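Enquirer: Give me coordinates for this.
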Amino acid sequence: MDYQLTQEFVFNTINEIESNQNKDRKKKEFASWQIYDGNLRYYVENKVKQMYPKTWESYTISDYSVIKKIVDKKSQSYKESPIRKLDTDQETQDYQDIMSEFRFNQAMRSFDRVYNQHKYALMAVFLEKEIEDNKVKKEFKFIPLAPYEYDLVRSQDGSLEAVILSYPDDYVITGPESDYINATISEAGQQDEARGSKVYAFWTEDEHKIFKVSKDDNGSKRIEYLEIPENPQGINPYGVLPFVYVPSSYDPNYPVNSPLPYQSIELNALMSVYLTSGNMQIGQLVLKYPADQEIEMVTSGLFTGMKLPQSKNPDDPDTEADYISPTPNLSGHRESILTYLSMILDEQGINSNQIINPNEKFTSGFDRLLSSADLQGIIEANQDLYHTVEQQVYKIIKKMHINEGEAGKFRSENIQVIYRKPKILVSDREKLENLKLMEDLGVLLEWQKFQIVDPNLSDEQARERLEMKKDEKRKALEALSTDDAFNGAQVTSIVEVVEKVANGTIPRESGVAILVASFGISEENANKMIPGAGFQPSVVP
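Expert: Sure thing, here's the model as predicted:
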């Protein structure tokens, strides 16, 4: 159904947004982000306080970020940029320029992390315009949003109908050009209930309106419409809902909060007890003295001495101090922690059949286990999901161009997206085989091959590399053409030597020596034929 931002719809939606159930969802998701982002110790410490309210200050607090390591391990879908292809080379190049200039791959890496952490994520696609030197400059904003930063309205079939962004009340929204996610949006998960008002930005396919929610003197809720000066009619300026939503299931409700952050807290609480037990091996002080004898507060430690008062009654026993050496079952405790860790990994789809050696440190053993885990199935499943995101982002960008009077910019109905295997699982041989396969399918431009070998190359650098390769090959053939003594087979062999040097298969000096010794080529001509010292080895196109 098409939702219209009527007074009734807005009022009911805001009531649901501010319900205790929805607030609880956002608080949990915000806590998840904090635990991932480095504030784990705070939550572990509170857990230890609950477990041991009288002695918690004596505990060694563990804050080993299991959640960050697991999430980062699974978030590999965009470790290498995918190849995007439209129906024509010009469309492909224009679209690739947008993706590169406005850092879409970086945004998708963050989106991948958000999805693997929370089990759902939202990508915002905004188009800003400003005038410079009487020319309109356009800039795309690709912004991955965490679950505590937005609210959604979805139809019964799970499709996205409306998106509501939450802003602090001191944030001023002046119009669509500035209505993207400001850094202040990160406060959305921890807004103080005592704030005087809140601001919500509603987006549907046709409308974009701002509402301020406050309370009157009687405590009743008041909703005020804030007119956008550049858009007084509240029309969606893009002609399309500029968001792509991906949940783990397409039920109209939000997915259940991921248990991983709280499992990480529990695991570190157990580790805190384990570490504290290990620190207490020096023993526990025990005092024996007559019941009617008063003794001041006693402190103990490795470098503390004590003077114990004795009773004046000769019949009373002497005051004595002794140590009881505790013998906690540290091995059994550690084994129970590792068992719990294995349960967490299994639930996350990580093969934990390997066992951390009892003599190995927990951190190094856990890191080794994660590094050897094969998550290719999870990564490929995520890539299938993100292929849908790529399709929807393309359609949003296409619609924005049509809305801007550039209907001919992108005519392709769909975009072809080719994901590469994760680099950590692909050998050099497999990489070359993939390169050959993509070349046979015709999905690569000639210069893009260099980016597959070295993803850090920019488009311009890759094109320069291609021209350098062509120039080196041309020089080699020109040098050969000056000598009529070579037959076809010899020419082929000489070119192979040149290409092996270019590929880095053999050193340059060895290549020159082979041409001189095997083919009688002068050293001067051999040096002309072999790529120079400044040449960077790459796969020959």
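Enquirer: Look through this structure and tell me its longest helix.
Expert: Ranked by residue count under DSSP state H, the longest helix found in the chain is helix 376-403.
Enquirer: and it, how far from the chain's centre?
Expert: Taking C-alpha atoms, centre = their mean, to the nearest Å, the mean C-alpha location of helix 376-403 is offset from the chain mean by 16 Å.
Enquirer: Sheet-wise, list the partners of the helix or strand just after that helix with their directions.
Expert: As assigned by DSSP states H and E, the chain's next helix or strand after helix 376-403 is strand 416-418. Within its sheet, and counting by DSSP bridges, strand 416-418 is paired with strand 83-85 (antiparallel).
Enquirer: For the helix or strand that the partner strand is followed by, output the C-alpha coordinates as PDB.
Expert: As assigned by DSSP H and E, the chain's next helix or strand after strand 83-85 is helix 89-101. Extracted in PDB, the C-alpha atoms of helix 89-101 (Å, rounded to 0.1, in the frame of the first residue of the first chain):
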ATOM      1  CA  ASP A  89      30.900   0.400 -22.000                       C
ATOM      2  CA  GLN A  90      30.000   4.000 -21.600                       C
ATOM      3  CA  GLU A  91      27.300   3.300 -19.000                       C
ATOM      4  CA  THR A  92      29.700   0.900 -17.200                       C
ATOM      5  CA  GLN A  93      32.400   3.600 -17.100                       C
ATOM      6  CA  ASP A  94      30.000   6.400 -16.000                       C
ATOM      7  CA  TYR A  95      28.600   4.200 -13.200                       C
ATOM      8  CA  GLN A  96      32.100   3.000 -12.100                       C
ATOM      9  CA  ASP A  97      33.200   6.700 -11.900                       C
ATOM     10  CA  ILE A  98      30.300   7.400  -9.500                       C
ATOM     11  CA  MET A  99      31.100   4.300  -7.400                       C
ATOM     12  CA  SER A 100      34.800   5.200  -7.200                       C
ATOM     13  CA  GLU A 101      34.500   9.000  -6.700                       C
END
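Enquirer: What ranges does the stretch 101-250 of the chain have for its strands?
Expert: Assigned strands in the stretch 101-250 of the chain, in chain order: 120-132, 135-145, 150-154, 160-167, 197-203, 208-215, 221-226, 243-247 (criterion: DSSP state E, counting those that start in this stretch).
Enquirer: Break this structure down into its structural domains.
Expert: Domains of the chain are assigned by automatic domain parsing as 282-325, 455-541.
Enquirer: which is the next helix or strand following whichever helix or strand residue 269 is part of?
Expert: The secondary structure element spanning residue 269 is helix 260-279 (assigned by DSSP H and E). In the C-terminal direction, the helix or strand that comes right after helix 260-279 (DSSP H and E) is strand 284-288.
Enquirer: Give the pairing partners of that following strand; include direction for each.
Expert: Using DSSP bridges, the strands paired with strand 284-288 in its sheet are strand 320-324 (antiparallel).
Enquirer: and the strand it pairs with, average pLDDT?
Expert: Averaging pLDDT along strand 320-324 yields 74.
Enquirer: Equivalent analysis for stretch 20-33, please.
Expert: Mean pLDDT, stretch 20-33: 91.
Enquirer: Could you list the buried residues of the helix holding residue 269?
Expert: For helix 260-279, the neighbour count (16 or more other C-beta atoms under 10 Å) marks 260-265, 267-277 as buried. C-beta coordinates here come from the backbone N, C-alpha and C atoms, glycine included.
Enquirer: same deal with stretch 285-294?
Expert: For stretch 285-294, the neighbour count (16+ other C-beta under 10 Å) marks residue 289 as buried.
Enquirer: Ok, stretch 131-144 next?
Expert: Of the residues in stretch 131-144, those with enough neighbours to count as buried (16+ other C-beta under 10 Å) are 140, 142-144.
Enquirer: between the residues you listed, which is nearest residue 316?
Expert: Proximity of those to residue 316 (C-beta to C-beta) peaks at residue 144, which lies at 74.0 Å.
Enquirer: Could you give the bridge partners of the closest one?
Expert: For residue 144, the beta-bridge assignment (DSSP bridges) gives partners residue 123.
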